[in-house]
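[1] Here's a sequence, model it:
(2 chains)
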Amino acid sequence: MDSVNRFGPELILLAMAAVIILADIGWALAGTGAERMRRPALGALALTGTAASIIWSALLIAFDEQGEAFSGMIRVDDFALFFNFLFAGTAAIVILASIDFLRRNRFVAEYYALILASTAGMMLLASTIDLIAIFVALELTGISLYILVAFMKDGRSSEAGLKYLLLGAISSAVALYGMAYLFGITGSTSLDEIGLVVSEANGETRSALVLAMVFLIAGFGFKMAIVPFQMWVPDVYEGAPTPVTAFLSVGSKAAGFAVVMRIFLTALGDGSISSDWATVFAILAAISMSLGNITALVQGNIKRMLGYSSIAQAGTFLIGLAVVAAADPQLLLGTSAVLFFLGTYAFTNLGAFIAVIAISSKIGSDQIADYAGVAKRSPLLALGLTICLLSLTGIPPTAGFIAKVYVFNAAVQADLVWLAIVGVLNSVVAAYYYLRVVLNMYTAEPASEESIQPGYYLGLAMVVAVVGLLVIGIFPSPLLEASEAAARVFG
Amino acid sequence: MLSDWGHVGFLLLLALVFPVGGIASSWMLGLLKIRPQAPDPIKEDIFECGVETEGTAWVQFNFRYYYYALLFVIFDVEAVFLYPWAVSLDEASVTGFIAVVTFIVILTIGLAYAWRKKALEWL
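    Predicted coordinates for the structure are as follows:
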């Protein structure tokens, strides 16, 4: 029973996904009379699922019910619980932001069920400690997202879905190849046991371990959307329905970082090999930040711009991973910096995408040029988007400022001053394209005077995101303590 | 170890020699004018169990077959999972039973969904 109890936050999401599908069948049998209630009821069920998952995670903490489940497949610790909250919260905000968008779509039940299944997969990615379970969780997350990306069934959405499916399948295969190497070298699929063998590895096995490490970075680099595994990002972000893009840019990316931290810190955390992957991550961080920001400069479409910006942000997270192994005492600082950054980034990017959903659905365009004068048509939306973009830039008093200071501080502490300098220079470049949107909204003349009113649910989601990132910016200590506690798992 | 795999290697060799040898010897005999050369449209036709071939192999299948393929794979996999469980029912005990029932319930929801979406009807 302990197993089921600790698996609860994921289980309740999967159960609710099944309930939503069954409820939809029930509605079809009930006939057209009850049709009016179908969409609101299904949305309410999905939100209830995420809320129940959050409450269950909170109860696990309250009753100190942490530990392993399913004979060492899953480990529910502070790290896993941190991500349980992050993913369930993200899913809740995305569901809120989807209600208006789904008004004209037939497949409401499928949409919510897939979001919940994908969220459960992400949670599992953060809590599994066995290679086979990790791969199952990876596919549960991935396959749900492939369908969601192609959900609009029009040309652009289908193209995005197909690209995401093909590249995702290849990256899964590469990650699996890396796992096979790890298993072949160590003879175990349990991360703990792999870690034991790796710490005793001699020169010969080390070269094979480096190969496994490279495959794993390539496979999970796709999920994290870091250069050079970022090819899919702009096209998929542009073609996917915007709520799904928001979910991809926050949930899927955070899941990638969660599983990479879990594998690399548990299985490959030994000093002799960790210095190797820390160097790889440091270089990838510098390239991701620079390439993401420079390409974002020339984007005319706001979803593509946010896509490239998310590549650059992923580069900044990677600084935290590079710090982890550069010096052993910094382990805690680097990991908690990544976790804190992921927490703030969730609020920030969700807020930015929700504003894009609200504005673009009214003006019928994703072009930055068409955002001219939005501040006159909807002052509150423009203000919300501005706050999110300022947070992405890293300007106080937003959460993004604290997160960047935290990460750069970690880099300096670990003698990676050059990486911190690259990061700061990139922030300056990023400021240009983030603030260009703000400038365009406030100073340019609007094409029409008609005001833009977001729907009730969309407005609520926006308020949650913006208030969240301002609160973290002003009182960072609760999230800081949570991420430090989560990082201590690997201490 | 090597001798175990040696059998596989031997089989592989035989599998290569058999067709390659047949084609090569026929070609050699033709070259030496021992094999008669009398082409005939029926002889040169594709051999399909004695049935006369009709059209090319590049035909369009009905798109709906994919539903059946999908459902077939799912229930095929179910059978594959149920067999070892049924054989080792004694050892698997209650935990195994609960796991299998959970699995079947999930599949049943899938089947109900497929039925509701009219995937089981030939329109």
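
[2] And the pLDDT at residue A:45?
    In this model, residue A:45 is scored at 94, pLDDT.

[3] Quick check: residues of chain B near chain A?
    B:106, B:109, B:112, B:113, B:116 (Cβ under 8 Å from any Cβ of the partner chain). In this view, the C-beta of every residue, glycine as well, is placed from N, C-alpha and C.

[4] And those, which is closest to residue A:486?
    Checking those against residue A:486 by Cβ to Cβ gives residue B:106 as the nearest, at 31.3 Å.

[5] any weak-confidence spans in the chain?
    No chain was given, so I picked chain A. By pLDDT under 70, the weakly predicted segments of chain A are A:32-34, A:325-331.

[6] That was the other one, I meant chain B.
    For chain B, the stretches flagged by pLDDT under 70 are B:1-2, B:123.

[7] top helix in it by residue count?
    Counting residues, the longest helix found in chain B (DSSP state H) is helix B:2-31.

[8] contact partners of whichever helix or strand comes after it?
    Next helix or strand after helix B:2-31 toward the C-terminus (DSSP states H and E): helix B:65-87. The contact list for helix B:65-87 (Cβ atoms under 8 Å, 6 or more residues apart in numbering or on different chains) reads B:92, B:96, B:100, B:103, B:104, B:107, B:110, B:111, B:114, B:119, B:120.

[9] can I assume the last one sits in a strand?
    I take that to be residue B:120. No. The assignment for residue B:120, made by DSSP: H, G, I helix; E, B strand; the rest coil, is coil rather than a strand.

[10] Test my guess that it contacts residue B:113.
    No. Between residue B:120 and residue B:113 there is no contact under Cβ atoms under 8 Å: 10.8 Å.

[11] neighbour-wise, which of these two wins?
    The residue with more neighbours, out of residue B:120 and residue B:113, is residue B:113; 18 against 12, by other Cβ atoms under 10 Å in any protein chain shown.

[12] what helices or strands is the strand or helix carrying residue A:337 leaning on?
    In the assignment (DSSP H and E), residue A:337 maps to helix A:331-363. On a contact count with 3 or more Cβ pairs under 8 Å, 6 or more residues apart in numbering or on different chains; DSSP states H and E, helix A:331-363 meets helix A:78-101, helix A:242-247, helix A:253-266, helix A:302-326, helix A:379-393, helix A:399-413, helix A:456-474, helix A:477-487.

[13] Could you list the buried residues of it?
    Judged by neighbour count using 16 or more other Cβ atoms under 10 Å in any protein chain shown, the buried positions of helix A:331-363 are A:331-360, A:362-363.

[14] how far does it sit from the chain's center?
    8 Å (Cα atoms, centre = their mean, to the nearest Å).

[15] And stretch A:458-469, by the same measure?
    17 Å.

[16] and of the helices and strands packed on helix A:331-363, who's closest to residue A:208?
    Smallest distance to residue A:208 across the helices and strands packed on helix A:331-363 (Cβ to Cβ): 16.2 Å, for helix A:253-266.

[17] quick check: angle from the closest one to helix A:78-101?
    Between helix A:253-266 and helix A:78-101, the angle comes out at 170 degrees (axes from the mean of the first three to the mean of the last three Cα atoms, to 10 degrees).

[18] Helix or strand next in line after helix A:253-266, which one?
    helix A:271-297.

[19] List the buried residues in that following helix.
    Of the residues in helix A:271-297, A:273-274, A:276-278, A:280-282, A:284-293, A:295-296 count as buried by neighbour count, 16+ other Cβ under 10 Å.

[20] Not counting sequence-adjacent ones, nearest residue to the residue in chain B that chain A sits nearest to?
    Nearest residue of chain B to chain A: residue B:116, at 4.5 Å (Cβ to the nearest Cβ). Spatially, and ignoring its direct neighbours in sequence, residue B:116 is nearest to residue A:25 (4.5 Å; Cβ to Cβ, 6 or more residues apart in numbering or on different chains).

[21] just residue A:91 next, same as before
    Spatially, and ignoring its direct neighbours in sequence, residue A:91 is nearest to residue A:119 (4.2 Å; Cβ to Cβ, 6+ apart).

[22] ok, that neighbour touching residue A:85?
    No. Judged on Cβ under 8 Å, residue A:119 makes no contact with residue A:85 at a distance of 11.6 Å.

[23] Of those two, give the one with the bigger neighbour count.
    residue A:119 (34 against 19).

[24] between the host helix or strand of the more buried one and helix A:477-487, how big is the angle?
    Under the criterion of DSSP H and E, residue A:119 resides in helix A:108-127. Put simply, helix A:108-127 runs at 60 degrees to helix A:477-487, going by the same axes, to 10 degrees.

[25] Within reach of chain B, which of the buried residues of helix A:271-297 are there?
    Okay, of these, nothing touches chain B (Cβ under 8 Å from any Cβ).

[26] Measure how buried whichever residue of the stretch 251-400 of chain A sits closest to chain B is and give me the count.
    Proximity of the stretch 251-400 of chain A to chain B (Cβ to the nearest Cβ) peaks at residue A:255, 22.3 Å away. For residue A:255, the count of nearby residues is 31 (other Cβ under 10 Å).

[27] Give me the nearest residue to it, chain neighbours excluded.
    Leaving aside its sequence neighbours, residue A:255 sits nearest to residue A:122 (Cβ to Cβ, 6+ apart; 3.9 Å).
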